[in-house]
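> The following comprises the amino acid sequence and a computationally predicted model.
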2 protein chains.
Amino acid sequence: MAEKSTFDVLKNYLEGRASFTGEEFAFIQKKFIPLILRRGEFLQRAGEPAKCTGFVAAGCMRKYVIDATGKEHIVSFAPETWWVAEGVSLASPTPAQFYIDAIEDSNLLLIDPASHEELVEKVPGYAATYRRALERATAARDRRVARALSASARERYLEFLETYPSIAARVPQRMLASYLGVSPETVSRIRKTVWQERRGPSTL
Amino acid sequence: MAEKSTFDVLKNYLEGRASFTGEEFAFIQKKFIPLILRRGEFLQRAGEPAKCTGFVAAGCMRKYVIDATGKEHIVSFAPETWWVAEGVSLASPTPAQFYIDAIEDSNLLLIDPASHEELVEKVPGYAATYRRALERATAARDRRVARALSASARERYLEFLETYPSIAARVPQRMLASYLGVSPETVSRIRKTVWQERRGPSTL
DNA sequence: CGATTCTTTGAAAACAGTCAATCTGTGTGG
DNA sequence: CCACACAGATTGACTGTTTTCAAAGAATCG
């Protein structure tokens, strides 16, 4: 069954981070709703009420904004075993600020805020895992801000390749550019200089 | 006593977010260590082991990185009732990535990771408050990233003034520039055009 | 295949950064 | 009370990077 194997990814993820009883897993599983998205399909659009947090069991999602001139700016990617969600909007009834769509065919597990709250209250391991994920997410975003402020386009590009090689390998370059905050042309030019430098010295 | 009034700020903050018994407050208070910092003094330097989370009871802190060329880049400000901390480094024994210092004379309440863990485990209201603070922090950082990617220097400047007027009013302009990711000169020029536009139409 | 989307390349323009000088305000000491 | 020093803010001229626009060349999906 497709659903079972999808949940297994989450189960695996959780087992790696805390201890759970079989009962707890059953309880957790009941709270999540599987969702299959094809490439290009949306989990959420900015302006809509945001309803769910998603665990990515397979595939890859992206979260982004569209600015006044119609340009997309990717805030984050979420491949397998990552979470993807609107920020505040889950707790409060604010309209979503972000678009979230699938950049590959993806399997998600969705959970609504109330169920999530219940899990946090009743399953200690879940609460701890969630809290740690939040802490890591916050730290990762601080690093992202710091790098955006202090590093050049080139440095950010190279760093992304090092830090997230598996993501870099599977997203189109224009999305990488969007994530880095530069134009696709600039990424193309950076790439060019990078292998010119790698090649240059050795071919002399 | 100075310590008591400092803790009252935290107590007040917590009371506004969850319910606590007197015993719980006493337990909480025992875990925090007051610290007074004069303007310019450090809570932490990059490279050191990061040890504590700080609650700002009075004054204002900043968290920043110093890049390869020696330039400072402010990741966040933390005025009264905000938390300031290294991200990951609290849980793991990684060296700190950020500098944290006082930009005004400030009163902090510090808590080490182990005590914090204890509070989260034993005081439900504290756990919930902390979790919500983390969620809000993550969301705020997503917005910061989105704006850094999608808005011009001018828009970011105006938005900061709107969103954090009280911070904008008390930090030097060079720090605002550092936070926005532009040079002090650029902020100066932006300011100029802003009141030229406000003045221009009416003085015609 | 065939159409669309993605990437590359070129040339010119816009934007912000740097450097350096001046101006402003604040606080200090004569 | 004035003079001075210091830090922050402003302004101008110049430089450099990145964007934009436009067009051609891959690559990919159906």
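Cool, got the structure. Owing to the predicted nature of the structure, the values given are computational and were not obtained by experimental measurement. Numbers count the residues shown, from 1 in each chain, chains lettered A, B, ... in the order given.

> and chain A, which residues reach chain B?
For chain A, the residues in contact with chain B (C-beta under 8 Å from any C-beta of the partner chain) are A:63, A:65, A:67, A:71, A:73-76, A:86-91, A:97-98, A:120, A:127, A:130-132, A:134-146, A:148-151, A:178, A:181. C-beta: built from backbone N, CA, C; applies to glycine.

> Now which of those residues would you call buried?
Listed as buried from the residues of chain A next to chain B are A:63, A:65, A:73-76, A:86-91, A:97-98, A:120, A:127, A:130-131, A:134-135, A:137-146, A:148-151, A:178, A:181; burial here means 16 or more other C-beta atoms under 10 Å in any protein chain shown.

> Give the closest residue to residue A:131 in space, chain neighbours not counted.
Once flanking residues are discounted, residue A:131 sits nearest to residue B:131: 6.1 Å by C-beta to C-beta, 6 or more residues apart in numbering or on different chains.

> who are the neighbours in contact with the one you found?
Residues in contact with residue B:131 (C-beta atoms under 8 Å, 6 or more residues apart in numbering or on different chains) are A:120, A:127, A:130-131, A:134.

> Which SSE is immediately downstream of the helix or strand containing residue A:127?
In this structure, residue A:127 sits in helix A:124-150 according to DSSP states H and E. Once helix A:124-150 ends, the next helix or strand along the chain (criterion: DSSP H and E) is helix A:153-163.

> Quick one: work out the angle between that following helix and helix A:124-150.
Per axes from the mean of the first three to the mean of the last three C-alpha atoms, to 10 degrees, the angle that helix A:153-163 makes with helix A:124-150 is 150 degrees.

> do the helix or strand following helix A:153-163 and DNA strand D meet?
Once helix A:153-163 ends, the next helix or strand along the chain (criterion: DSSP H and E) is helix A:165-170. No - Helix A:165-170 stays clear of DNA strand D (C-beta under 7 Å from any atom of the strand), getting no nearer than 10.4 Å.

> Residue A:179 touches residue A:157, doesn't it?
No - using C-beta atoms under 8 Å, residue A:179 makes no contact with residue A:157, being 10.0 Å away.

> Compare neighbour counts for these two and give me the winner.
Set residue A:179 next to residue A:157 and count neighbours by other C-beta atoms under 10 Å in any protein chain shown: residue A:179 wins out with 26 against 22.

> Contact partners for the more buried one?
By C-beta under 8 Å, 6+ apart, the contact list for residue A:179 reads A:74, A:76-77, A:160, A:171.

> List of residues touching stretch A:187-199?
A:153-154, A:157-158, A:173-174, A:176-177, A:180.

> any chance of those residues in a markdown table, with pLDDT too?
Listed next are those as a markdown table, based on pLDDT from 0 to 100:
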| residue | pLDDT |
| --- | --- |
| A:153 | 89 |
| A:154 | 90 |
| A:157 | 93 |
| A:158 | 92 |
| A:173 | 94 |
| A:174 | 94 |
| A:176 | 95 |
| A:177 | 95 |
| A:180 | 95 |
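
> so which of the residues you listed are also by DNA strand C?
Okay, of those touching DNA strand C (C-beta under 7 Å from any atom of the strand), that's A:173-174.

> As CSV, the contacts of stretch A:187-199 with distance to residue B:11 would be great.
Compiled in CSV, these are given as follows (distance: C-beta to C-beta, whole Å):
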residue, distance to residue B:11
A:153, 47
A:154, 49
A:157, 47
A:158, 47
A:173, 52
A:174, 51
A:176, 47
A:177, 48
A:180, 44
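
> just the contacts of stretch A:187-199 now: which is nearest chain B?
Relative to chain B, the closest of these is residue A:180; by C-beta to the nearest C-beta it sits at 8.6 Å.

> and the closest one, what is it in contact with?
Residues in contact with residue A:180 (C-beta under 8 Å, 6+ apart) are A:153, A:156-157, A:160, A:187.

> follow-up on the earlier one: and DNA strand D, which of the buried ones among the residues of chain A next to chain B contact it?
residue A:181.

> chain center to the least confident helix or strand in chain A by mean pLDDT, what's the gap?
Every helix and strand of chain A was ranked by mean pLDDT, DSSP states H and E. The lowest is helix A:184-203, at a mean of 80. Chain-centre distance of helix A:184-203: 28 Å, with C-alpha atoms, centre = their mean, to the nearest Å.

> Which positions within it qualify as buried?
The neighbour-count check on helix A:184-203 (16+ other C-beta under 10 Å) flags A:187, A:190 as buried.

> contact partners of stretch A:78-86?
By C-beta under 8 Å, 6+ apart, stretch A:78-86 touches A:9, A:13, A:43-44, A:50, A:52-63, A:76, A:96-98, A:100, A:108, A:133, A:137, A:166-167, A:170, B:139.

> Give me the buried subset of those.
Buried by 16+ other C-beta under 10 Å: A:9, A:13, A:43-44, A:50, A:52-63, A:76, A:96-98, A:100, A:108, A:133, A:137, A:167, B:139, out of the contacts of stretch A:78-86.

> which ones among the residues you listed are found in strands?
Counting by DSSP state E, the part of the buried ones among the contacts of stretch A:78-86 found in strands is A:43-44, A:53-58, A:60-63, A:76, A:100, A:108.

> Columns distance to residue A:194 on top of the contacts of residue A:180, output as JSON lines?
Output for these, formatted as JSON lines (distance: C-beta to C-beta, whole Å):
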{"residue": "A:153", "distance to residue A:194": "12"}
{"residue": "A:156", "distance to residue A:194": "13"}
{"residue": "A:157", "distance to residue A:194": "8"}
{"residue": "A:160", "distance to residue A:194": "12"}
{"residue": "A:187", "distance to residue A:194": "10"}
